[in-house]
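Asks: Give me a model of this one.
(one chain, ligands or ions: 1)
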Amino acid sequence: MVFASEKFEITHTDAEWRALLTADQYNVLRKEGTERPFTSPLNKEKRSGVFACAGCGLENFSTKTKFDSGTGWPSFFTTLPGVFQTKRDFLLVLPRTEYHCARCGGHHGHVFDDGPRPTRALPPTVAPLRRPPRGAATE
Ligand SMILES: [Zn+2]
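Replies: Prediction:
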């Protein structure tokens, strides 16, 4: 378990997570792996709606805050409120802010402050489930 000191509402054993997630989702969510850039189908997602955690279904990003950061990963100015927790990591020597699902602890990406707006680019490194917006027409 990556975040052994934290308690989450949704918990599974490692074997259960392997069974629930695709290999790619498992690698990212549970092992803090990173998708190769420009491979996420979400880069081309233009419809409006809400993304959700692939691990537990918690809705986490609105397409209203999505933008093309040029990094090859889907990026967002901000998240839905209260859905992520953060920690500092030093995997690339320079400190980065890692963020993970507040409900299941699944790793979703890192916070970067080089976005085109004062708020931050948040490239999630996993393909979350997509849910259509409730009662909203698709564009
Ligand atoms: Zn989750």
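Asks: Up against the ion, what does this structure have?
Replies: 53, 55, 56, 58, 101, 103, 104, 106 (C-beta under 5 Å from the ion). For the C-beta atoms, the positions are set from N, CA and C on the backbone; glycine is no exception.
Asks: can you pull out the strands in the chain?
Replies: 50-52, 59-62, 66-67, 75-76, 84-92, 94-101, 107-111, 129-131 (DSSP state E).
Asks: so what secondary structure elements neighbour the first one?
Replies: For strand 50-52, the elements it packs on are strand 59-62, strand 129-131, judged by 3 or more C-beta pairs under 8 Å, 6 or more residues apart in numbering; DSSP states H and E.
Asks: Ranked by average pLDDT, which of those falls at the bottom?
Replies: In terms of average pLDDT, strand 129-131 trails the rest of the helices and strands packed on strand 50-52, at a mean of 44.
Asks: low-scoring stretches of the chain, by residue?
Replies: 1-5, 91-93, 113-139 (pLDDT under 70).
Asks: ok, which stretches of it are helices?
Replies: 14-20, 23-29 (DSSP state H).
Asks: Tell me which residues of the first one come out buried.
Replies: Which is helix 14-20. By neighbour count with 16 or more other C-beta atoms under 10 Å, helix 14-20 contains the buried residues residue 17.
Asks: That helix packs against which elements?
Replies: helix 23-29.
Asks: thinking again about what came up before, out of the residues of the chain next to the ion, which is most surrounded?
Replies: Within these, neighbour counts (other C-beta atoms under 10 Å) peak at residue 106, which reaches 30 neighbours.
Asks: how near is that residue to residue 40?
Replies: 16 Å (C-beta to C-beta, to the nearest Å).
Asks: Also residue 105?
Replies: For residue 105, the distance to residue 40 equals 21 Å [C-beta to C-beta].
Asks: Who has more neighbours out of these two?
Replies: More crowded of residue 105 and residue 40, by other C-beta under 10 Å: residue 105, with 24 against 19.
Asks: you'd agree the more buried one is up against residue 6?
Replies: Yes. Assessed by C-beta atoms under 8 Å, residue 105 is found in contact with residue 6 at 6.3 Å.
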